[in-house]
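Student: just a sequence and a predicted model for now, questions to come.
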Amino acid sequence: MLSIVNTCGLLGISGYMVSVETDISKGLPAFEIVGLGDAAVKEAKERVRAAIRNSGFEFPSRRITINLAPADMKKEGTSYDLPMAAGILAAIGVIPPGALSNCVILGELSLEGKLRPVYGVLPKAITAKEKGFESIFTPYENAKEASVVKGIKVIPVAKLSELVEHFNGRNILQPVESNYNIFSDEDNTDQPDFADVKGQEHVKRALEVAAAGGHNLLMIGSPGSGKTMLARRMPSILPDLSFEEALEITKIYSVAGLLPPDSALVTKRPFRAPHHTISAISLVGGGRIPKPGEVSLAHLGVLFLDELPEFGKNALEVLRQPLEDGFVHISRINGSITYPCRTTLIAAANPCRCGFYLDETRECTCTQPEVKAYLGRLSGPLLDRIDIQVDVPTLKYSELESETASEPSGEIRKRVNKARDIQRKRFSQTGIYCNAQMTSPMVRKYCMLGKAESELLRDAFSALGLTARSHNKILKVARTIADLEGAENINTVHISEAIQYRILDRNLFM
Amino acid sequence: MNPDLKEWIWFANLKGITTRKKAELLRLFNSPAEIYKADAIELAKTGVLNRDNITAVLSKEYRDTVDRTIEEIDKKNINVITLNSSTYPELLKNICDPPVCLYVKGKLYADELSIAVVGSRRASGYGITVAKKISGELAQSNICVISGMARGIDTAAHVGALSVKGRTIAVLGCGIDLVYPPENKKLMEQIIEYGAVISEYPPGVEPAPHHFPVRNRIVSGMSVGVLVVEAGEKSGSLITAQLALEQGRDVYALPGNVISINSKGTNKLIQDGAKLVTSVQDILDELHWYKNFNTKNVHFENNSKINSSLDNDEKDVFELLSFESLYIDEIQKKLSINMPLLHSILLSLEMKGLIKRDPGGKYRIEVL
């Protein structure tokens, strides 16, 4: 007596098909699970046994062998509970054979026989659909998440006995309504908005440029100047999220187990602000069972690193490659996993250790060499990936009180969207999609300067003591500023503004 | 060369005897050579020295180290000017505790008219700009600018004087073969070329916190007046001002923003009666009393010339700015220019050398 149940495993943020083969034969009563399951899979034995018994069925006292195929890939988590229980019940004839061939089943069982939510349902549902399965059975709490996948019936299950009734044709379970269009009518009103930020116009402008060109940005300012508040509003001016992007973000959150129960899609761009004590592994991902790190959780959103100089040297070092490539590659003996991480890095730093170097009203207690050393920690390769550096002054009280309304994020986003459209068209054949990703040859091609502009740039380099590494960054940022204006060519105003965003290259902090 | 140089240096190097006691001894004994030869009874008779002092005078240790110091000053091309030397600054000679020896690199004159320009190490842009400007104008009026070559205002004072190739003297708190702060190496070379670097500490003595207040008495002692440009509430510059008063020198102070921590000390000085200085003329007015000083007409650069080379937007921005630095946001609000254009105007003004960007997104005027 053999039965086969289809379910899905997870590899990174994509799923793969696993068939749960159950064989019940004569012999001493035993229950074996093979196929490289982790501890949670091994323990499933006890849950399955109790759940079957407590659902009113008899647990066969014969020799039971379950194989999870492909047997050479590691399986983890509790989502194999339900398919194994269904497999045993099918093998003893409680579920009619043949009923299970066209569906995918997953879920964790309680001893009572009820279902508990699992993680990674969205990528699994996508895999099931791609493999041509008709329906997918998931725990109730995960149904909404799976329902965003178009073209597969998502059937929520509350307990094991329901599933048995369904397959015997007694109480047919109803699929949930497809949710793939939920995205468009979701409103974003609870997102923090730039309209709430008084003053700081030049920082807002810099953030707008960063959003428009996908540039990474560093803010330098005293504590309390509003760096965090400004960064938190960055997602609200990033270009509108497309359905595919939302799906990709949701996949990562689903795999990380961070999706709130009963939610369908992540419809907002993520904002991740890890504390500066974070380890390198938690930042980029990894661990024995590789999990996505903060940089992947910020995929298509904002990774905010407050107090950048306080982060561990190692953590910042490992961040370099993912920021450059847009993905994290984690290798393990039995295969490697890739998590995407196309994120905008917004970093903030105090100007000195005590933070009050630039403050007019509070006294800085650092010595001059200390001030120099503090930001000196930032220099080097990470700074090479930050195109825009801007200082954030402490606001005066009068500014906070002022009644002038600030521009809402929606208005800024419109301009950003327009600039991104121009870039998408420009780079349609090149495999990149925004100005920040341009390579040196592309910079030469797309950032042609006229005579006046080249002269200005040359003069600025000698007059302001800019370093050579600024050159391409200034051109890239100038390109974005021109795109924001809809201008074909870069002019002197664009170049000038871009030069103003290179404060750390200019030894102002001496 | 002074034939008694060895004894002078030996005498200057004696530790534990205050400079005041040394001055007293020199009056009693005529020259260090006689002190060198004196025995314990003679020394005790003076009533100036205590037992430890006498042990120091008689100890072999100090007598042995002198040769090494002499060797070093020869090797490093350092001049030693002793209290009895004809080039020892007149004004300094008359304070109650003049240094016995001065180690000098550069040229020192006995009767030079000098003004000290001192201030906070952590200076604001305002302080630095004004210190440079006034020092430059003092130097142009043939007045030597004396300062301590520390960071901030001191450096600005030297730079200001050097910018017009004027005389300037730096008084150090360490041996003059060392550079402190190290970033001023180049500046020190220039000061030696156009003026002098002096110290009462023999070569090789490292800077120490207690050296600087002692050094300050030389700064004020050599000058006819002390201008304090910026000083916090507990600034070392206030010590210099205090010493200047004790030595009978004029004290000038630059007024500042009442909120700024950098001007708390100077504003207090003005309240206490220091002369408020807004331009170099305020100092020059006080100097008519001094011999060999002829008032030259100090040359001011004219604003109108600068203005004519700017376009309208640039002119608006330039006229709005002052020595007090202004946030870019405030400029934008006052002139309602859009941010991208404002960035380019500011950059253009900065590249013309008319304004300066300070960290924190602030701008101020660089020239007058």
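Tutor: Sure thing, it's come through.
Student: quick check: the residue of chain A nearest chain B.
Tutor: Of all residues in chain A, residue A:496 sits closest to chain B, at 3.3 Å by Cβ to the nearest Cβ. The C-beta positions use only the backbone N, C-alpha and C, and glycine is treated the same way.
Student: helix or strand for that residue, which one?
Tutor: Using DSSP states H and E, residue A:496 sits in helix A:492-500.
Student: residue B:44: how many residues sit nearby?
Tutor: Residues within reach of residue B:44, counting by other Cβ atoms under 10 Å in any protein chain shown, total 15.
Student: and chain B, which residues reach chain A?
Tutor: Residues of chain B lying close to chain A (Cβ under 8 Å from any Cβ of the partner chain) are B:121-122, B:151, B:181, B:232, B:259-261, B:327-329, B:332-333, B:339-341, B:343-344, B:346-348, B:350-351, B:353, B:357-362.
Student: which members of the residues you listed occur in helices, if any?
Tutor: B:328-329, B:332-333, B:339-341, B:343-344, B:346-348, B:350-351 (DSSP state H).
Student: all helices of the stretch 251-400 of chain A, in order?
Tutor: For the stretch 251-400 of chain A, helices defined by DSSP state H, counting those that start in this stretch occupy the ranges A:280-284, A:294-297, A:313-325, A:368-376, A:397-401.
Student: quick one, which of those helices is nearest to residue A:115?
Tutor: Nearest to residue A:115 among the helices of the stretch 251-400 of chain A is helix A:294-297; the distance by Cβ to Cβ comes to 26.7 Å.
Student: pull the longest helix from chain A.
Tutor: helix A:409-426.
Student: tell me who's in contact with residue 117.
Tutor: All of this is about chain A. Going by Cβ atoms under 8 Å, 6 or more residues apart in numbering or on different chains, residue A:117 touches A:107, A:108, A:139, A:140, A:141, A:142, A:261.
Student: my bad, chain B
Tutor: Residue B:117 makes contact with B:131, B:134-135, B:138, B:145-147, B:153-154, B:157, B:160, B:227, B:229 under the criterion Cβ under 8 Å, 6+ apart.
Student: name the SS class of residue A:52, please.
Tutor: Here residue A:52 is recorded as helix under DSSP: H, G, I helix; E, B strand; the rest coil.
Student: hang on, the earlier thing: report the buried members of the residues of chain B next to chain A.
Tutor: When these are checked for burial by 16 or more other Cβ atoms under 10 Å in any protein chain shown, the buried set is B:121-122, B:151, B:181, B:232, B:260-261, B:327-329, B:332, B:339-340, B:343-344, B:346-348, B:350-351, B:357-362.
Student: residue A:450 contacts residue A:489, correct?
Tutor: Yes - with contact defined as Cβ atoms under 8 Å, residue A:450 counts as touching residue A:489 (6.8 Å).
Student: most tightly packed of the helices of the stretch 251-400 of chain A?
Tutor: Most buried of the helices of the stretch 251-400 of chain A by mean neighbour count (mean count of other Cβ atoms under 10 Å in any protein chain shown) is helix A:294-297; its value is a mean of 26.
Student: avg pLDDT for the longest helix of chain A?
Tutor: Taken as a whole, helix A:409-426 has an average pLDDT of 92.
Student: which residues touch the nearest residue to the residue of chain A closest to chain B once chain neighbours are set aside?
Tutor: Distances taken as Cβ to Cβ, 6 or more residues apart in numbering or on different chains place residue B:344 nearest to residue A:496, at 3.3 Å, with adjacent residues excluded. Shown in contact with residue B:344 (Cβ under 8 Å, 6+ apart): A:492, A:493, A:495, A:496, A:497.
Student: can you redo the residues you listed as CSV with neighbour count?
Tutor: Output for these, formatted as CSV (neighbours: other Cβ atoms under 10 Å in any protein chain shown):
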residue, neighbour count
A:492, 18
A:493, 24
A:495, 27
A:496, 27
A:497, 28
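Student: hmm, back to that, report the distance from the helix holding residue A:496 to the chain centre.
Tutor: Remark: helix A:492-500 is offset 33 Å from the chain centroid, using Cα atoms, centre = their mean, to the nearest Å.
Student: counting contacts, what elements does it pack onto?
Tutor: Packing partners of helix A:492-500 (3 or more Cβ pairs under 8 Å, 6 or more residues apart in numbering or on different chains; DSSP states H and E): helix A:451-464, helix A:470-485, helix B:339-351.
Student: now the angle from the first one to helix A:470-485?
Tutor: By that I understand helix A:451-464. 130 degrees (axes from the mean of the first three to the mean of the last three Cα atoms, to 10 degrees).
Student: returning to that earlier point: any figure for the gap between the residue nearest to residue A:496 and residue A:452?
Tutor: Taking Cβ to Cβ, to the nearest Å as the measure, residue B:344 and residue A:452 are separated by 12 Å.
Student: give me the common contacts of the two.
Tutor: Residues touching both residue B:344 and residue A:452 (Cβ under 8 Å, 6+ apart) are residue A:492.
Student: looking at chain A, which strand is longest?
Tutor: Counting residues, the longest strand in chain A under DSSP state E turns out to be strand A:14-25.
Student: take that strand, keep the C-alpha atoms, and write them as CSV.
Tutor: Only the C-alpha atoms of strand A:14-25 are listed here, as CSV (Å, rounded to 0.1, in the frame of the first residue of the first chain):
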residue,chain,number,x,y,z
SER,A,14,12.0,29.9,-4.5
GLY,A,15,10.2,26.7,-3.9
TYR,A,16,10.8,23.2,-5.4
MET,A,17,8.5,20.2,-5.6
VAL,A,18,8.8,17.5,-2.9
SER,A,19,6.8,14.3,-3.1
VAL,A,20,5.9,12.6,0.1
GLU,A,21,5.9,8.8,-0.5
THR,A,22,4.3,6.7,2.1
ASP,A,23,4.7,3.0,2.3
ILE,A,24,2.8,0.8,4.8
SER,A,25,3.9,-2.8,5.0
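Student: and the contacts of it?
Tutor: Contacts of strand A:14-25 (Cβ under 8 Å, 6+ apart): A:1-10, A:60, A:62-70, A:73, A:75, A:80, A:83-84, A:87-88, A:90-92, A:120, A:123-128, A:131, A:251.
Student: cool, thanks, signing off.
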